[in-house]
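Q: Quick one, what's the 3D model for this:
(chains A and B)
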Amino acid sequence: GENVEQHPSTLSVQEGDSAVIKCTYSDSASNYFPWYKQELGKRPQLIIDIRSNVGEKKDQRIAVTLNKTAKHFSLHITETQPEDSAVYFCAATFSGSARQLTFGSGTQLTVLP
Amino acid sequence: DTEVTQTPKHLVMGMTNKKSLKCEQHMGHRAMYWYKQKAKKPPELMFVYSYEKLSINESVPSRFSPECPNSSLLNLHLHALQPEDSALYLCASSETSGANVLTFGAGSRLTVL
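A: Numbers count the residues shown, from 1 in each chain, chains lettered A, B, ... in the order given. Predicted structure coming up:
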């Protein structure tokens, strides 16, 4: 069935270090892969997204890579700051669900000062 | 205006009450969504409206009744809820349904006593 697996569930890094979160998906026809950041008590906000015709996308300290053959995509945050602490959700569209988003289970990122 | 506005922010209701959650966007988006989010879990899709018509109902119990009065407004009518329905209810919108960027509202935190 439609599935997005996200790892790790929790991640602690020292300020200034890099953080990497990985997701795998089950539907080879998926074509849209966004990442959302949700701070405690706040709404999910899109931080970066990638479509299946692109292998990598970067926006300042944030980058996403997509490997269509292996059906996985990753979020990379460099030079982490305390304000990066939040829950991060990956998501993917599936052809069998009218192309609605299916979310991964989330990663709690803590950046230690 | 680039926001999705939800009211009320907090709602406490008994199991016999009838209440409504409201959502509004003025971005000209033609798809609107209701999601349910439990603590430390990803958002779960409940309903999708596309061009003011209900296009997806993810097998949601009939005690939740959505309504889309016009292209800018989305309501969720609540009746005879159960304590397990306590959650954060998020409204979202996108330009069209499918593989598009979701803009989330801040959510309505519902507690059912």
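Q: Return the residues of chain A in contact with chain B.
A: For chain A, the residues in contact with chain B (Cβ under 8 Å from any Cβ of the partner chain) are A:31-32, A:34, A:42-46, A:49, A:51, A:87, A:89, A:93, A:97-101, A:103-106, A:108. (C-beta placed from N, C-alpha, C; glycine too.)
Q: Which members of those occur in helices, if any?
A: Judged by DSSP state H, the residues of chain A next to chain B include no members of helices.
Q: hmm, which of these are the buried ones?
A: For the residues of chain A next to chain B, a neighbour count by 16 or more other Cβ atoms under 10 Å in any protein chain shown gives the buried set as A:31-32, A:34, A:43-44, A:49, A:87, A:89, A:93, A:97, A:99-101, A:103-106, A:108.
Q: Give me the helix or strand of chain B that scores worst on average pLDDT.
A: In chain B, the helix or strand scored least confidently by mean pLDDT, DSSP states H and E is strand B:53-57, which has a mean of 90.
Q: Now the element after that one, going C-ward?
A: Counting by DSSP states H and E, the element after strand B:53-57 in chain order, helix or strand, is strand B:64-70.
Q: Check which helices and strands the next helix or strand after that following strand is in contact with.
A: For strand B:64-70, the following helix or strand on the C-terminal side (DSSP H and E) is strand B:73-79. The contact analysis (3 or more Cβ pairs under 8 Å, 6 or more residues apart in numbering or on different chains; DSSP states H and E) places strand B:73-79 against strand B:18-25, strand B:31-37, strand B:44-50, strand B:64-70, strand B:87-94.
Q: hey, what's the residue nearest to B:Glu44 when sequence neighbours are not counted bridged with?
A: Once flanking residues are discounted, B:Glu44 sits nearest to B:Lys36: 5.0 Å by Cβ to Cβ, 6 or more residues apart in numbering or on different chains. Taking DSSP bridges as the rule, B:Lys36 bridges to B:Glu44, B:Tyr89.
Q: neighbours around the closest residue to B:Ser65 other than its chain neighbours, how many?
A: Take B:Ser65 and drop its neighbours on the chain: the residue closest to it by Cβ to Cβ, 6+ apart is B:His77, 4.2 Å away. For B:His77, the count of nearby residues is 13 (other Cβ atoms under 10 Å in any protein chain shown).
Q: I'd say B:His77 and B:Met13 touch.
A: No - if you go by Cβ atoms under 8 Å, B:His77 and B:Met13 don't touch, sitting 11.9 Å apart.
Q: Go through the buried ones among the residues of chain A next to chain B and flag which are in strands.
A: A:Tyr32, A:Pro34, A:Asp49, A:Val87, A:Phe89, A:Thr93, A:Leu101, A:Phe103, A:Gln108 (DSSP state E).
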